[in-house]
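Asker: my questions are about this predicted structure, shown below with the sequence.
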Amino acid sequence: MADDVFKALADPTRRRILDALTERNSQTLFEICARLATRHGLGLSRQAVSQHLAVLEAAGLVVSRRQGRYKFHDLDTEPLEHIVGRWLGPKPPQTPESTP
């Protein structure tokens, strides 16, 4: 699973999509395309952005839900938290430094 997360994060366009979802969650494909075009100057087709979203979904970083005729995309940080927790582990308790 971690390999999928790293593969998804390796592409700068997918990182920009995650940034867009961090700024505002629950966006449609149209909203994500518009945000990429206006903020980053990326003129990607809807199909290209949809493919990037599919990679992010496969990695567990994006969750999609249908509401009526719209499909909304939400950021899921749990896979990132799992990776960070694996390497950083729990923080040891802070002890006050003893003064001589």
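Answerer: All right, it came through fine. Predicted model, so just to flag it, every value in this text is computed and none were measured. Residues are numbered from 1 along each chain as shown.
Asker: quick one: mean pLDDT for stretch 74-86?
Answerer: Per-residue pLDDT over stretch 74-86 has a mean of 89.
Asker: quick check, distance from that stretch to the centre of its chain.
Answerer: 9 Å (Cα atoms, centre = their mean, to the nearest Å).
Asker: so which strand or helix has the residue lying closest to His40 once chain neighbours are set aside?
Answerer: Sequence neighbours aside, Arg16 is the residue nearest to His40 in space, at 5.5 Å (criterion: Cβ to Cβ, 6 or more residues apart in numbering). Backbone N, C-alpha and C define where each C-beta goes, glycine included. Per DSSP states H and E, Arg16 falls inside helix 12-23.
Asker: in that helix, what's buried?
Answerer: Residues of helix 12-23 classed as buried: Thr13, Arg14, Arg16, Ile17, Leu18, Ala20, Leu21 (neighbour count, 16 or more other Cβ atoms under 10 Å).
Asker: how far away is the second one from Ala20?
Answerer: When distances are taken as Cβ to Cβ, to the nearest Å, Arg14 and Ala20 turn out to be 11 Å apart.
Asker: and the residue most central in space within the chain, what does it touch?
Answerer: The chain has Leu18 as the residue nearest its centroid, 3.6 Å off, counting by Cα atoms, centre = their mean. If you count contacts by Cβ atoms under 8 Å, 6 or more residues apart in numbering, Leu18 has them with Leu9, Leu56, Leu61, Val62, Leu75.
Asker: and it, what pLDDT?
Answerer: 96.
Asker: the residue nearest to Glu78 when sequence neighbours are not counted and Glu81: what is the separation?
Answerer: Computed as Cβ to Cβ, 6+ apart, the closest residue to Glu78 that is not its neighbour in sequence is Gly60, at 6.9 Å. Separation of Gly60 from Glu81 (Cβ to Cβ) stands at 11 Å.
Asker: thanks again, I'm all set now.
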